[in-house]
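1. any chance you could fold what I've pasted below:
(2 chains)
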Amino acid sequence: MNLISIYGVDALHVAIALVPVLLFLAALRALDSYKLVTSATVLGSLAAGVLAAVLCFLFNTFVFREFPASQDAYARFGAPVVEELAKGAYWIFLIQTTRVAFMADSAICGFAVGAGFALAENISYLHQLEGAGAAVWIVRGLGTAIMHGGVAALAATISAYLLESRQWRGVRLFTPGLVTAMVIHSLFNQTVKFPLASMAAAVVGVPLIFGTVFYLSERSLRRWLGGKMDRDIDVLNMIGSTQFQQTKVGAYLMSLQEAFPPELRGDMLSLLQLTTELSVRAKGDLLLREAGFEVAPDPELESMFTELRYLQKSIGPTGMVAVRPLLSQTPRDLWEMHRLGQGLRSR
Amino acid sequence: MDADSTTHFEPECDSCIAEGFTTLIVDFGDLAYISSMGLRSVVKVAKKLKDQGGELRICGMTGLVRQVFEITRVITLFPTYDSVDLALGKL
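-> Down below sits the predicted model:
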């Protein structure tokens, strides 16, 4: 049993309605030089988008049934708010839990969520609008579907940018992106009488936005990679030097001698060295990807993470609070650790 | 090997590659420090030589430089030798 026999719709219409947004998503992944978003994350984002569409369908159906007089206003102003919130749940989760940390990655995941949403929505419409002509599916496949992906991608990108440049957190971090997506989505829905114009805007506008996002994201990643790696190398150099006690880090560890025994301070130093090595390791992985090398699974990673857990346990909660000023804990540092851990689990 | 010296290293290697050399031997015996930019240049040169069917050979790495190459796993991209003579011996 296939889609055509289920819906009784022309195969060409099915293809036009569903394929462009998937091709667009594949092109985005191909254009990403670092390829940091895994296939599992993309598939998860697509699935989250499908789930969001199902939930929105149920909610929108309820609203249409209960408030039939307000259907037009709801479609133009209410539905964009509900749908962007539903789509936002997953990309917000990805950014909040440091599973993605760069603008390009956020854009890809956001677009995938929107693509999943659009696929589910168009499958539903293929069933509802059986007799519709090719023009309807061109507008839905190239216009509405790309819009769904594009606005979710833009919202996620804005949040990733604010996290990186302003270090905003929580509701403040995600509100500007979500509001932008809701406004553009609502504007798109206002132009229902001019479908070709809105489709053209989506087809031209979304690639332009992505081009800019990818350029800025790669520039930012390259700058961060260089700057942070140099600082990590300096820390390794400092730890290995005979003048370590004269450095700020050494002096800080010495200042803890009244509160913590020598062996615990030794563990703190080992923890600093290990987290720095893991950080350099993650950046080495990025350097190799940047140059176009295949990156094989790291055989030493498992023992390094075992050691990390041992040290954290040995140092204890109080000691961890004391050593925290020495450890870099930005969202990107946490992303690195998550990424290395992910590599460990996938082996 | 920092941002400044990298601006000499990469063009030198590029000109050798342009002359048709496919294997380059680089002596890091006197190198005490390497920055991210230096590391990036070494990776780029290694990639160019690999694409030409050749390889980059690094000699004499010690201390922090060796540590950085090992931690980043950039060391897996090319063979390393204790001395230039040993690297030449493998030609």
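2. A:A104 is in contact with A:Y215, isn't it?
-> No. Using CB atoms under 8 Å, A:A104 is not in contact with A:Y215, being 9.2 Å away. Quick note: C-beta positions are derived from backbone N, CA and C, even for glycine.
3. after the one helix or strand A:P317 maps to, next one along is what?
-> Using DSSP states H and E, A:P317 falls within helix A:301-323. As assigned by DSSP H and E, the chain's next helix or strand after helix A:301-323 is helix A:331-345.
4. quick one on the thing from earlier: neighbour count: A:A104 and A:Y215, which is higher?
-> A:A104 (27 against 12; other CB atoms under 10 Å in any protein chain shown).
5. got a pLDDT number for the residue nearest to that one when sequence neighbours are not counted?
-> Nearest residue to A:A104 in three dimensions, chain neighbours excluded: A:S217, at 3.7 Å (CB to CB, 6 or more residues apart in numbering or on different chains). At A:S217, the model reports a pLDDT of 90.
6. again, but for A:R347
-> pLDDT, A:R347: 51.
7. one more: A:V42?
-> On the pLDDT scale, A:V42 gets 96.
8. give me the three-state assignment for it.
-> helix (DSSP: H, G, I helix; E, B strand; the rest coil).
9. so it versus A:V323, what's the distance?
-> Using CB to CB, to the nearest Å, we find A:V42 at a distance of 37 Å from A:V323.
10. neighbour count for those two, which is higher?
-> A:V323 (24 against 21).
11. sorry, back to before: got the contact list for the helix holding A:P317?
-> A:256, A:259-260, A:264, A:267-268, A:270-272, A:274-275, A:277-278, A:281, A:340-341, A:343-344, A:347 (CB atoms under 8 Å, 6 or more residues apart in numbering or on different chains).
12. for B:Y81, what are phi and psi?
-> phi -140, psi 160 (degrees, to the nearest 10).
13. residues in chain B within reach of chain A, list them.
-> Residues of chain B lying near chain A by CB under 8 Å from any CB of the partner chain: B:33-37, B:39-40, B:43-44, B:46-47, B:63-64, B:67-68, B:71-74, B:76-77.
14. for chain B, which residue gets nearest to chain A?
-> Residue of chain B nearest chain A, by CB to the nearest CB: B:T72 (2.5 Å).
15. so that residue makes contact with B:L39?
-> Yes. Look at B:T72 against B:L39 with CB under 8 Å: they come within range, at 6.6 Å.
16. common neighbours of these two, please.
-> A:G284, A:L287.
17. tell me where chain B has helices.
-> Remark: helices assigned in chain B by DSSP state H are B:3-18, B:36-51, B:63-72, B:84-89.
18. tell me which other helices or strands the helix or strand harbouring A:P207 touches.
-> Counting by DSSP H and E, the element that carries A:P207 is helix A:195-240. With contacts taken as 3 or more CB pairs under 8 Å, 6 or more residues apart in numbering or on different chains; DSSP states H and E, helix A:195-240 sits against helix A:11-31, helix A:103-128, helix A:145-165, helix A:170-190, helix A:248-255, helix A:262-291, helix B:36-51, helix B:63-72.
19. now tabulate those helices in TSV and tack on distance to A:N60 and mean pLDDT.
-> TSV is the format used below for the helices and strands packed on helix A:195-240 (distance: least, CB to CB, whole Å; pLDDT from 0 to 100):
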stretch	distance to A:N60	mean pLDDT
helix A:11-31	19	91
helix A:103-128	10	94
helix A:145-165	14	94
helix A:170-190	12	95
helix A:248-255	57	87
helix A:262-291	42	91
helix B:36-51	50	93
helix B:63-72	51	93
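20. nearest to A:F93, out of these?
-> With CB to CB as the measure, helix A:103-128 is the member of the helices and strands packed on helix A:195-240 nearest A:F93 (9.8 Å).
21. for chain B, what's its nearest residue on the stretch 151-300 of chain A.
-> Counting by CB to the nearest CB, the stretch 151-300 of chain A gets nearest chain B through A:G284, at 2.5 Å.
22. let me know the distance separating the nearest residue to that residue once chain neighbours are set aside from A:G316.
-> In space, and not counting its chain neighbours, A:G284 is closest to B:T72: 2.5 Å by CB to CB, 6+ apart. Noted for B:T72: a distance of 31 Å to A:G316, by CB to CB.
23. out of those two, which sits in the busier spot?
-> For B:T72 versus A:G316, the count of surrounding residues by other CB under 10 Å is larger for B:T72: 27 against 13.
24. interface residues of chain A facing chain B?
-> So far as CB under 8 Å from any CB goes, chain A lies against chain B at A:225-227, A:229-230, A:233, A:236-237, A:240, A:277, A:280-281, A:283-285, A:287-288, A:290-293, A:296, A:298.
25. sorry, back to before: distance check, the residue nearest to A:G284 against A:T330.
-> On the measure of CB to CB, B:T72 and A:T330 end up 20 Å apart.
26. what of B:G60?
-> B:G60 is 36 Å from A:T330, by CB to CB.
27. A:L18 now?
-> A:L18 is 40 Å from A:T330, by CB to CB.
28. what about these two, which has more around it?
-> Taking other CB under 10 Å, A:L18 and A:T330 do not tie; A:L18 has more neighbours (20 against 15).
29. mind listing what that one touches?
-> A:L119, A:N122, A:I123, A:G141, A:A145.
30. between those residues, which is nearest A:E336?
-> Using CB to CB, these come closest to A:E336 at A:L119, 32.4 Å.
31. right, and that closest one touches A:V50 too?
-> Yes. The pair A:L119 / A:V50 is scored as a contact, 6.7 Å apart, by CB under 8 Å.
32. so which of these two has more stuff around it?
-> A:L119 (22 against 19).
33. one step back: pretty sure the residue nearest to A:A104 contacts A:A101?
-> No. Under the criterion of CB under 8 Å, A:S217 is not in contact with A:A101, lying 10.3 Å apart.
34. including distance to A:V136, could the helices and strands packed on helix A:195-240 go into JSON lines?
-> Written out in JSON lines, the entries for the helices and strands packed on helix A:195-240 read as follows (distance: least, CB to CB, whole Å):
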{"stretch": "helix A:11-31", "distance to A:V136": "8"}
{"stretch": "helix A:103-128", "distance to A:V136": "8"}
{"stretch": "helix A:145-165", "distance to A:V136": "12"}
{"stretch": "helix A:170-190", "distance to A:V136": "16"}
{"stretch": "helix A:248-255", "distance to A:V136": "65"}
{"stretch": "helix A:262-291", "distance to A:V136": "42"}
{"stretch": "helix B:36-51", "distance to A:V136": "49"}
{"stretch": "helix B:63-72", "distance to A:V136": "53"}
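35. returning to that earlier point: looking at the contacts of A:L18, state which has the most neighbours.
-> A:A145 (28 neighbours).
36. near B:M1, how many other residues are there?
-> Neighbours of B:M1 (other CB under 10 Å): 19.
37. any idea how far B:K47 is from the closest residue in space to it that isn't next to it in sequence?
-> Using CB to CB, 6+ apart and skipping residues adjacent in sequence, the residue nearest B:M1 is B:G38, 3.4 Å away. Using CB to CB, B:G38 is found at 15 Å from B:K47.
38. nice, that's everything, thank you.
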